[in-house]
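Chemist: Pasting the sequence and the predicted model now:
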Amino acid sequence: MHDCSLPTQLDGVYGFDARGVAKRFRHAAIFGAIESLNTGETMRFINDHDPLPLLAQIEQRYQGQVKAAYIQRNHEEIVIDFSIQPKPAAASEGCGSGGCACSGE
């Protein structure tokens with residue numbers, strides 16, 4: 001029996017081939033896949049074209065928490081690793097609240 005909580009690959013990289021997803025559903029499917037990753041995990045995205053509008057949407061939507069790194073970039077196949085970065089500390093965790101070396105006085 002398959003257990004979805006177990007990684008499909010030992011190195012924490014999960015494949016997502018967008019070429020098999022209907023175009024009208026692609027971005028929603030990609031966002032859903034990204035949102036199911038944990039910090040430090042990676043989605044290896046494969047597509048038939050360079051998804052520049054998608055990359056802009058990801059940057060706007062996730063504000064730097066999703067890092068994109070091209071693995072392959074040619075006219076036939078694009079491969080991008082999307083990895084989840086740790087959330088930055090909240091402002092309340094900054095100076096004066098124990099989040100840094102200063103006392104806040």
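Modeler: Thanks, I have it. Residues are numbered from 1 along each chain as shown.
Chemist: so what's the backbone phi/psi at the residue nearest to Asp48 when sequence neighbours are not counted?
Modeler: The shortest distance from Asp48 to any non-neighbouring residue, by C-beta to C-beta, 6 or more residues apart in numbering, is to Arg19 (5.3 Å). Every residue, glycine included, has its C-beta placed from N, CA and C. Dihedral angles of Arg19 (phi, psi; degrees, to the nearest 10) stand at phi -60, psi -20.
Chemist: Count residues in the vicinity of Arg19, would you?
Modeler: 11 (other C-beta atoms under 10 Å).
Chemist: Also Lys87?
Modeler: 10.
Chemist: Name all residues that make contact with it.
Modeler: Applying C-beta atoms under 8 Å, 6 or more residues apart in numbering to Lys87 gives the contacts 39, 65.
Chemist: Am I right that it sits in a helix?
Modeler: No: the assignment for Lys87 (DSSP: H, G, I helix; E, B strand; the rest coil) gives coil, which keeps it out of a helix.
Chemist: pLDDT at the residue nearest to Asp48, what is it?
Modeler: On the pLDDT scale, Arg19 is placed at 95.
Chemist: Surely it and His49 touch.
Modeler: No: Arg19 is not in contact with His49 according to C-beta atoms under 8 Å; the separation is 9.6 Å.
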